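S.K.: Give me coordinates for this.
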Amino acid sequence: MTTKSVWMHIGAGSFHRAHQAWYLHKLREQGDDAWSIALGNVRSDAAALLERLAAQQGKYVLETVTPDGEREWETITSIRRILPWDSELSALVAQGAAPETRIIAFTVTEAGYYLTPDHELDLTQVDIQADLRGDACTLYGALTRILHQRMAQGGAPVTLLSCDNLRHNGGRFRHGFLAFLTEKGEQPLAQWVRDNTTSPDTMVDRITPRPTPDVAQRVKEATGFDDGAAVMGESFIQWVIEDDFIAGRPALEKVGVEMVDSVLPWEEAKIRILNATHSCIAWAGTLVGYDYIDESTRQPQIQQMAREYITRDVIPSLTPSPLDLADYRDVVLARFANPWIRDTNQRVAADGLSKIPGMVTPTLIERLRAGHTPEATAVLPALFFLFLERWAQDALPWTYQDGVIQPEALRQRLTGSDPLGSYLRDPTLFGELAQDRTFHKLVAHTVARLETWIEQHQPVSG
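M.R.: Below you'll find the model as predicted:
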């Protein structure tokens, strides 16, 4: 009899349930039930969702929609255990320490790794400081508790798998986690992690909006299931994983996952072409009064900004590539324009303070080093500055969410005598460019041009 294996996932949000859980579900549909998911969360904000999932025995319906509006509904059955939240993370610790748990995966957003632009652990962050004192409000604090218990119970090897939109996510998570353990004085555990875990890099992709009430209504009409945890996403899906699992893995290649030696070409294309462009469209659309990504993308001026950024700066930076980058650009923009997804600018605009250094600044640096003026890429930090200005003035139409924001300090900088200069001189956003006068002049010119464009653009109703 084959021993059953558990994929414990930290992060109960929509993306995991529309992406990784879908792939494990497809394996089970093929008759391979060797792996199942145990799902939990580090913070209490998903406690109600976990309760609803527990009441449904982990089952929920995933609605997908094509650019032509064709919808399909699937009942996902790969989540077999719900780990209820409590302040001690006791269910996460127990499951993570169990020998049948061979993979601990996580989706905590880019901000959840608390890294500086130089990819070092940011020890100034309040949450990191709290966890260094023994709390567990970050991924690092939670994993410290989990792996302490695992080590105490015999220390079976386990793969630690990042599933977030972070460049070199496995390696950078691992570097941050080991730095956290070192700072905390956890040398024996740090050595155990080095010896008994791997952290593969991954690239994940499926646009997954926050579920709105109409999703559950359509699910009930289509399936008869009154689903308290329904989720929806686009029909497109992709997953590329570095094949470096220390304790075995599901046969993901049988359900379309690309298992590779290096994910670098895929992740660079995804982060710079898809993720950065997504945020560009969200910031631009918000500034001229749109609520949704699809309607923002279909505005000629906004689509031109996005297309020129990719064509003029990103594609030259990533060439040569095993991917057809121009084709990838066109597919991405078509996906963003899908009118049936109804993804909000609010969701996509979030966490810009992590996205600028991770997704945009590398292209700026590379083009300037190559002797080119990255006029098209300068649009992105310029848009984000204008977006933050409106945030500081309480002029955004919705609440901006950012995992690393320090509101009082940022508001003070943005309402001071030189807000743009203060923004551009921030090394956490722009690294070496924070002292580059050519870069400052370029962005200042771009901000002035965009301010005129915004003023001339007739506001639209939401």
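S.K.: can you give me the helices in the stretch 101-250 of the chain?
M.R.: Counting by DSSP state H, counting those that start in this stretch, the segments of the stretch 101-250 of the chain that form helices are 126-132, 139-152, 169-183, 187-196, 213-223.
S.K.: most tightly surrounded among the ones you listed?
M.R.: helix 139-152 (a mean of 22; mean count of other C-beta atoms under 10 Å). All C-beta atoms are positioned from the backbone trio N, CA, C, and that covers glycine.
S.K.: And it, how far out from the chain middle?
M.R.: Taking C-alpha atoms, centre = their mean, to the nearest Å, one finds the center of helix 139-152 at 23 Å from the center of the full chain.
S.K.: Let the chain start at 25 from now.
M.R.: Sure thing, new numbering starts at 25, so read that last one as helix 163-176.
S.K.: Give me the contact list for it.
M.R.: Helix 163-176 is contacted from outside by 34, 66, 113, 116-118, 120-121, 128, 130, 132, 136-138, 145, 152, 154-155, 159-160, 180, 182, 184, 197, 200-201, 204-205, 208, 210, 212-213, 216-217, 221, using C-beta atoms under 8 Å, 6 or more residues apart in numbering.
S.K.: Compute the inter-axis angle for that helix and helix 193-207.
M.R.: 80 degrees (axes from the mean of the first three to the mean of the last three C-alpha atoms, to 10 degrees).
S.K.: for helix 163-176, what is the average pLDDT?
M.R.: For helix 163-176, the mean pLDDT works out to 98.
S.K.: Kindly report the same for stretch 466-483.
M.R.: For stretch 466-483, mean pLDDT is 91.
S.K.: Just the residues contacting it, thanks.
M.R.: By C-beta under 8 Å, 6+ apart, the residues outside stretch 466-483 that reach it are 311-313, 325, 397-399, 402-403, 405-407, 409-410, 444, 448.
S.K.: Could you pick out the buried ones from the residues you listed?
M.R.: 311-313, 398-399, 402-403, 405-407, 409-410, 444, 448 (16 or more other C-beta atoms under 10 Å).
S.K.: Against residue 347, how distant is the residue nearest to residue 153 when sequence neighbours are not counted?
M.R.: For residue 153, ignoring the flanking residues on the chain, the nearest one in space by C-beta to C-beta, 6 or more residues apart in numbering is residue 147 at 7.2 Å. According to C-beta to C-beta, to the nearest Å, residue 147 stands 37 Å off from residue 347.
S.K.: what's around residue 90, how many residues?
M.R.: A total of 14 residues lie near residue 90 under the criterion other C-beta atoms under 10 Å.
S.K.: Can you tell me, leaving aside adjacent residues, what's nearest to it?
M.R.: Closest to residue 90 by C-beta to C-beta, 6+ apart is residue 259, at 4.5 Å.
S.K.: Run through the residues that contact the closest residue in space to residue 142 that isn't next to it in sequence.
M.R.: Among residues not flanking residue 142 along the chain, residue 455 sits closest, at 7.1 Å (C-beta to C-beta, 6+ apart). The contact partners of residue 455, taken as C-beta under 8 Å, 6+ apart, are 141, 142, 381, 385, 389.
S.K.: Show me the two of those residues that sit farthest apart.
M.R.: Taking C-beta to C-beta, the two most distant members of the contacts of residue 455 are 142 and 389; they sit 12.3 Å apart.
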